[in-house]
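Engineer: Below: sequence and its predicted model.
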Amino acid sequence: MKPEIARKIRPHLRRGLDGILIGLLVLSLSASQPLLSFEDRLSLQLAGRGFDFATWLLSVWWEKWILDAAAPQAFLDEAAQDRVIRGFVRHMEAAQQAAADLEQRMAGPEPVDPSALKELRHRWEIQHQKLKALRPLTEAILAEQLATLLHREGLTFLGYPIPPVNLRLTAMPNLLVVSPRDRIVQQATLPLQADLTADEMDRIERRVDGAFNVSSLVVPLGGLALYPAMIMETPSLPYLTEAIAHEWTHHWLFLWPLGWFYDRPEARTINETAADLVGKALGQAWLARFYPDALPPPAADTTLPSAQPEERPVFHFGRELAKTRTVVERLLSRGEIRRAELYMEARRRVFLEHGYVIRKLNQAYFAFYGAYAAEEGAAGVEDPIGPRVRRLWEQSPSLRAFLFRIALITDLAGLRQALGERG
């Protein structure tokens with residue numbers, strides 16, 4: 001081939017080859033797309049927003065290993081341990097107040113004074129430094145106190161809980177929950193960064209809903225059963241004790257069939273309901289033993305006649321939420337998706353009028369909160385699992401007996417059999 005002819009056709013050949021390569025690349029990408037799971041595509045859609053558990057665990061494990069070896073709480077008597085916990089609570093309250101004051105000053109109508117902001121920021125940093133110093137010892141004391149209660153309940157071996165109580169008080173990640181629009185089921189979850197604002201949550205949900213035609217919801221987490229368990233930082237002793245006991249229950253159940261099959265919907269509901277019941281019971285016992293002044297006041301006796309008749313019926317959040325879910329499920333079963341979504345928004349406004357702030361009420365809301373069936377509510381009026389788990393709890397002679405019974409049950413059929421139901 002003559003050089004001048006080669007020079008003329010070379011650009012055409014190059015463009016032809018480029019076209020073939022691009023075509024092959026497009027075909028390979030389209031062919032590989034079905035290989036990506038829904039969770040993978042969800043992660044790609046929210047790249048950079050996820051929470052890195054591996055990094056978090058690595059940052060915590062080395063400190064826990066040193067702390068467990070030193071066991072500093074063993075050198076403090078009960079009064080000294082109480083002072084540490086109370087000090088942590090005071091500094092947490094002060095840190096939260098400083099953060100609230102800073103946010104209020106930033107959002108106020110007056111021009112921001114840089115010196116005032118610097119002072120508020122300094123207050124917040126001082127409290128966080130004190131919290132950082134107290135946190136390891138606080139966690140060790142709380143773990144030892146729960147171990148004392150577990151020993152009393154007969155849930156230890158050679159004096160030690162199995163698995164050992166292990167926790168970290170920390171800023172919690174959020175969780176993106178995804179449900180199909182045509183039914184209530186937890187299709188996928190994705191852990192997200194901590195400290196998302198409400199408008200950021202809404203943007204993420206709109207992005208996911210638009211990309212996949214699903215119902216999504218970002219929910220804040222109060223605890224997570226990693227090891228050590230992630231527990232939300234809070235000055236509330238009733239919340240801390242219940243949350244720590246709840247997550248330890250998950251750790252214990254992980255050693256049994258109910259924990260092994262957590263990903264199955266029925267097992268998940270049984271597991272979460274059991275952890276709620278045990279967490280509440282241990283939390284109350286914990287407060288009574290170590291922090292009696294933090295016990296909530298007893299509920300009013302509703303069996304006694306009131307001095308004045310009520311002007312209107314009391315709005316019961318749990319029952320109203322259960323009724324709402326039941327109606328939604330019936331609408332979805334008839335394929336009336338849009339009508340169900342409009343109904344949920346109307347009901348959300350009713351809850352808001354009665355003082356119950358629900359940012360978004362949708363299929364994903366019920367898919368997530370329906371697993372926590374220790375009380376009436378998101379699981380629906382016709383929930384077959386929650387009432388049976390509660391009945392098994394009531395029939396068990398002790399907390400230990402309940403755990404050893406529920407640990408082997410992984411579905412509704414097993415619950416019915418344990419309760420002696422026929423048919």
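Structural biologist: Structure received.
Engineer: so residue 164, which of the three states?
Structural biologist: Secondary structure for residue 164, judged by DSSP: H, G, I helix; E, B strand; the rest coil, is coil.
Engineer: remind me, longest helix of the chain?
Structural biologist: The residue-count maximum for a helix in the chain (DSSP state H) belongs to helix 114-152.
Engineer: Could you pull out the buried residues of that helix?
Structural biologist: In terms of neighbour count (16 or more other Cβ atoms under 10 Å), helix 114-152 has its buried residues at 120, 123-124, 127-128, 130-131, 134-143, 145-147, 149-150. Where C-beta positions appear, they are placed from N, C-alpha and C, glycine not excepted.
Engineer: End to end on stretch 189-206, go ahead and measure it.
Structural biologist: 16 Å (Cα to Cα, to the nearest Å).
Engineer: what separates that stretch from the chain centre, distance-wise?
Structural biologist: In terms of Cα atoms, centre = their mean, to the nearest Å, the centre of stretch 189-206 is set 13 Å apart from its chain centre.
Engineer: What are the buried residues along that stretch?
Structural biologist: Neighbour-count burial for stretch 189-206, with 16+ other Cβ under 10 Å as criterion, is recorded at 189-192, 196, 201, 204-205.
Engineer: Identify the residues contacting stretch 199-217?
Structural biologist: Among residues not part of stretch 199-217, those counted as contacts by Cβ atoms under 8 Å, 6 or more residues apart in numbering are 38, 41-42, 45-46, 49, 174, 176-181, 187, 192, 196, 218, 341, 359-360, 362-365, 368.
Engineer: Stretch 120-128 too?
Structural biologist: Applying Cβ under 8 Å, 6+ apart, the external contacts of stretch 120-128 come out as 91-92, 94-95, 98-99, 101-102, 105.
Engineer: Could you do stretch 410-423 as well?
Structural biologist: Contacts of stretch 410-423 with the rest of the structure, by Cβ under 8 Å, 6+ apart, involve 257-258, 260-261, 264, 266-267, 270, 384-385, 388-389, 391-392, 395, 405, 408-409.
Engineer: what mean pLDDT does it have?
Structural biologist: Computed over stretch 410-423, the mean pLDDT rounds to 89.
Engineer: Measure how far that stretch is from the centre of its chain, please.
Structural biologist: 28 Å.
Engineer: State the phi and psi torsions of residue 262.
Structural biologist: In terms of degrees, to the nearest 10, the main-chain angles of residue 262 are phi -60, psi -30.
Engineer: Okay, it and residue 367: tell me how far apart.
Structural biologist: Spatial separation of residue 262 from residue 367 under the definition Cβ to Cβ, to the nearest Å is 15 Å.
Engineer: ok, now residue 281?
Structural biologist: Per Cβ to Cβ, residue 281 is found 27 Å from residue 367.
Engineer: ok, which stretches of the stretch 151-300 of the chain are strands?
Structural biologist: For the stretch 151-300 of the chain, the strands identified by DSSP state E, counting those that start in this stretch occupy 156-157, 160-161, 167-170, 173-180, 188-194, 214-220, 223-224, 229-232, in order along the chain.
Engineer: nearest to residue 347, of these?
Structural biologist: Taking Cβ to Cβ, strand 214-220 is the member of the strands of the stretch 151-300 of the chain nearest to residue 347, at 15.0 Å.
Engineer: Quick check: buried residues in that closest one?
Structural biologist: 214-219.
Engineer: try stretch 60-78
Structural biologist: Within stretch 60-78, the residues that qualify as buried are 60, 64, 67, 73, 76, counting by 16+ other Cβ under 10 Å.
Engineer: from these, which single one is nearest residue 242?
Structural biologist: Of all the buried residues of stretch 60-78, residue 242 sits closest to residue 73, with 20.9 Å by Cβ to Cβ.
Engineer: Would you mind measuring from the nearest residue in space to the closest one that is not next to it in sequence to residue 72?
Structural biologist: In space, and not counting its chain neighbours, residue 73 is closest to residue 140: 4.3 Å by Cβ to Cβ, 6 or more residues apart in numbering. Using Cβ to Cβ, we find residue 140 at a distance of 6 Å from residue 72.
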